[in-house]
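1. okay, here's the prediction I keep looking at, along with the sequence it came from:
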Amino acid sequence: MILGCHVQMKAPLFLEGSVKEALGYGCNALMLYTGAPQNTKRRPTEEMHIKEAQALMRENGMDMERMIIHAPYIINPANSIKPEVQELAREFLAFETQRTSDIGAKYMVLHPGSFTTTDLETGIRSTIDCLNTVHYPDNVIVCLETMAGKGSEIGFRFEQLAEILEGVNEPEHFGICLDTCHISDAGYDVTDFDAVLDEFDHVIGLDRLHVIHLNDSKNVRGARKDRHANLGRGEIGFDVLHAIAENKRTAHVAKILETPYINKKPPYAEEIKMLRSGIYDPKALEALEE
């Protein structure tokens, strides 16, 4: 299994420290932000220990495609109400994709955005227009994330994402990140993941699926709330998530955990160990609460 999790990037080792953190959890993939997701403050990539991180990944048999970059939340390409928000989305999307390229990563996950006070179709058109204003580095693919449908989010149905993909001028630079919590909250029945993949393939195409976020959900299917849970502690359940992790149709796709910390402690080592063994051990998570 290609399993990873969200890791930190902080001084003094930056990306090298991110890879070391992931390896310490038993990961063979990882995901990170290149800076705080809530603002535009960014450290120059020249200071981020890129070569050291790349070397460490090679030493551990990890291709750079397994280092996933997540775009910051402040990028909202679906907002057509405030011109300054749309301009920020354009400028920072271009900036972040270039940083992704400089790091040597291939995939950058992006939330399609929220239409705020307009409507779904206006939001989709706004997102397409925004994405079409950016020139993308040759080696970068932007993976639009499947959303839960909370509030005015777009991208909670495969058809909405397909419409965006059909509207972009450079389709070779776009793919999809599928989040298990989000699609369950959006109404998809992940207990039959092959049926979900069949629908995805029919609407979008499985060749466009490049990243999976493997999360349990605190909500019942169709709740459209987006609240992640630790594996086995939510409404999806460990057995379903393990079956998704080992599904042969997506064996080549990195599965990234974004599950909550427990008692301010990362649960990733315990959760990844359970996924690799196929055995759910609630006591491993309970131990983090002590």
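-> Yes, it's here.
2. residue 210 - that's part of a helix, no?
-> No: counting by DSSP: H, G, I helix; E, B strand; the rest coil, one finds residue 210 to be strand, located in no helix.
3. does the closest residue to it other than its chain neighbours belong to a helix or a strand, and which?
-> With sequence-adjacent residues excluded and distances taken as Cβ to Cβ, 6 or more residues apart in numbering, residue 210 is closest to residue 175, at 4.3 Å. The way it works is simple: take the backbone N, C-alpha and C, and place the C-beta from them, glycine included. Per DSSP states H and E: residue 175 is located in strand 174-179.
4. and what of residue 76?
-> Residue 76 belongs to no helix or strand, assigned by DSSP H and E.
5. please name the nearest non-neighbouring residue to it.
-> Nearest one to residue 76, counting by Cβ to Cβ, 6+ apart, is residue 113 at 4.4 Å.
6. so the helix or strand containing residue 122 versus strand 174-179, what angle?
-> In this structure, residue 122 is located in helix 120-131 according to DSSP H and E. If you take axes from the mean of the first three to the mean of the last three Cα atoms, to 10 degrees, helix 120-131 sits at 130 degrees to strand 174-179.
7. which secondary structure elements does the helix or strand just after helix 120-131 contact?
-> Using DSSP H and E, the helix or strand that follows helix 120-131 in sequence is strand 141-145. In terms of contacts (3 or more Cβ pairs under 8 Å, 6 or more residues apart in numbering; DSSP states H and E), strand 141-145 is packed against strand 107-110, helix 158-167, strand 174-179, strand 209-213.
8. mean neighbour count and mean pLDDT added to these, as a markdown table?
-> Listed next are the helices and strands packed on strand 141-145 as a markdown table, based on neighbours: other Cβ atoms under 10 Å; pLDDT from 0 to 100:
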| stretch | mean neighbour count | mean pLDDT |
| --- | --- | --- |
| strand 107-110 | 24 | 98 |
| helix 158-167 | 18 | 98 |
| strand 174-179 | 25 | 98 |
| strand 209-213 | 23 | 98 |
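9. just the CA coordinates of the strand holding residue 175, formatted as CSV?
-> Below are the C-alpha coordinates for strand 174-179, written out as CSV (Å, rounded to 0.1, in the frame of the first residue of the first chain):
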residue,chain,number,x,y,z
PHE,A,174,-5.7,18.7,-13.9
GLY,A,175,-6.8,15.6,-12.1
ILE,A,176,-8.8,14.6,-9.0
CYS,A,177,-8.1,14.0,-5.3
LEU,A,178,-10.9,11.8,-3.8
ASP,A,179,-11.6,12.2,-0.1
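10. who are the packing partners of the following helix or strand past that strand?
-> Remark: after strand 174-179, the chain's next helix or strand is helix 180-185, criterion DSSP H and E. On a contact count with 3+ Cβ pairs under 8 Å, 6+ apart, helix 180-185 meets strand 209-213, strand 216-217.
11. now do helix 180-185: everything it contacts.
-> 145-150, 156, 190, 196, 212-217, 219, 221-229, 234-236, 241, 244 (Cβ atoms under 8 Å, 6 or more residues apart in numbering).
12. mind saving the C-alpha coords of the following helix or strand past that helix as CSV?
-> The helix or strand immediately downstream of helix 180-185 is helix 193-203, counting by DSSP H and E. C-alpha atoms of helix 193-203 as CSV (Å, rounded to 0.1, in the frame of the first residue of the first chain):
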residue,chain,number,x,y,z
PHE,A,193,-16.1,1.3,-3.3
ASP,A,194,-15.9,-0.5,-6.6
ALA,A,195,-19.3,0.9,-7.5
VAL,A,196,-18.1,4.4,-6.5
LEU,A,197,-15.0,3.8,-8.8
ASP,A,198,-17.3,2.6,-11.6
GLU,A,199,-19.3,5.9,-11.3
PHE,A,200,-16.1,7.9,-11.1
ASP,A,201,-14.7,6.2,-14.2
HIS,A,202,-18.0,6.8,-16.1
VAL,A,203,-18.3,10.5,-15.2
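13. please save the CA atoms from whichever strand or helix holds residue 100 in CSV.
-> Secondary structure assignment for residue 100, by DSSP H and E: helix 83-103. These are the backbone C-alpha positions of helix 83-103, laid out as CSV (Å, rounded to 0.1, in the frame of the first residue of the first chain):
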residue,chain,number,x,y,z
PRO,A,83,-12.8,40.8,-7.4
GLU,A,84,-9.9,41.0,-4.8
VAL,A,85,-10.6,37.4,-3.7
GLN,A,86,-10.6,36.1,-7.3
GLU,A,87,-7.4,38.0,-8.1
LEU,A,88,-5.7,36.5,-5.0
ALA,A,89,-6.8,33.1,-6.1
ARG,A,90,-5.3,33.6,-9.6
GLU,A,91,-2.0,35.0,-8.3
PHE,A,92,-1.5,32.6,-5.4
LEU,A,93,-2.5,29.5,-7.5
ALA,A,94,0.2,30.5,-10.0
PHE,A,95,2.7,31.0,-7.1
GLU,A,96,1.9,27.8,-5.4
THR,A,97,2.1,25.6,-8.5
GLN,A,98,5.5,27.1,-9.3
ARG,A,99,6.6,26.3,-5.7
THR,A,100,5.3,22.8,-6.2
SER,A,101,7.4,22.5,-9.3
ASP,A,102,10.5,24.0,-7.6
ILE,A,103,10.2,21.4,-4.8
